[in-house]
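S.K.: Could you look at this predicted model? Sequence included:
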Amino acid sequence: MKTFKFFSILVIVLSLFIHACGDNIECGDGNIDLAEECDDGNDINDDGCSNLCLLPICGDGILNQAFEECDDGNDLDDGCDNDCTLL
Ligand SMILES: [Ca+2]
Ligand SMILES: [Ca+2]
Ligand SMILES: [Ca+2]
Ligand SMILES: [Ca+2]
């Protein structure tokens, strides 16, 4: 009976732990979690924190007008250079 009680508590604790983990790793909840570079809790892609919870970089295909003239997400000299300046 003691063993049964122990395992019941263990199952409850484990399920709470897993539930908490599942809630924590969610992009868009406003909390910067593991594997997230940022999380501003909105769904605006070009405001400095993308919808994938990554900070803006040149080459991600998202135009961040603060410091990029263009961003076509490729590494070709096709009108938008690799440093995200217009040719
Ligand atoms: Ca998050
Ligand atoms: Ca955002
Ligand atoms: Ca970009
Ligand atoms: Ca290009």
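M.R.: Sure, I can see it. Ligands and ions are numbered 1, 2, ... in the order given.
S.K.: Please list the residues of the chain that sit near ligand 2.
M.R.: Residues of the chain found near ligand 2 (Cβ under 5 Å from the ion) are D40, N42, I44, D47, C49. To be clear about C-beta, it is placed using only N, CA and C from the backbone, and glycine gets the same treatment.
S.K.: Now for the closest residue to the fourth one other than its chain neighbours: which residues touch it?
M.R.: What sits nearest to D47 in space, not counting adjacent residues and going by Cβ to Cβ, 6 or more residues apart in numbering, is D40, at 6.8 Å. With contacts taken as Cβ atoms under 8 Å, 6 or more residues apart in numbering, D40 has the following neighbours: G30, D47, G48, C49.
S.K.: How about the contacts made by the closest residue to the first one other than its chain neighbours?
M.R.: Looking back up the chat, that one is G30. Nearest residue to G30, sequence neighbours excluded (Cβ to Cβ, 6+ apart): G41, at 3.2 Å. By Cβ under 8 Å, 6+ apart, the contact set of G41 is G28, D29, G30.
S.K.: will you turn the residues you listed into TSV that also has pLDDT, distance to ligand 3 and neighbour count?
M.R.: Output for these, formatted as TSV (pLDDT from 0 to 100; distance: Cβ to the ion, whole Å; neighbours: other Cβ atoms under 10 Å):
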residue	pLDDT	distance to ligand 3	neighbour count
G28	97	19	15
D29	96	23	14
G30	97	22	9
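S.K.: Check those residues against P56 and report the nearest one.
M.R.: Closest approach between these and P56, by Cβ to Cβ: G28, at 16.3 Å.
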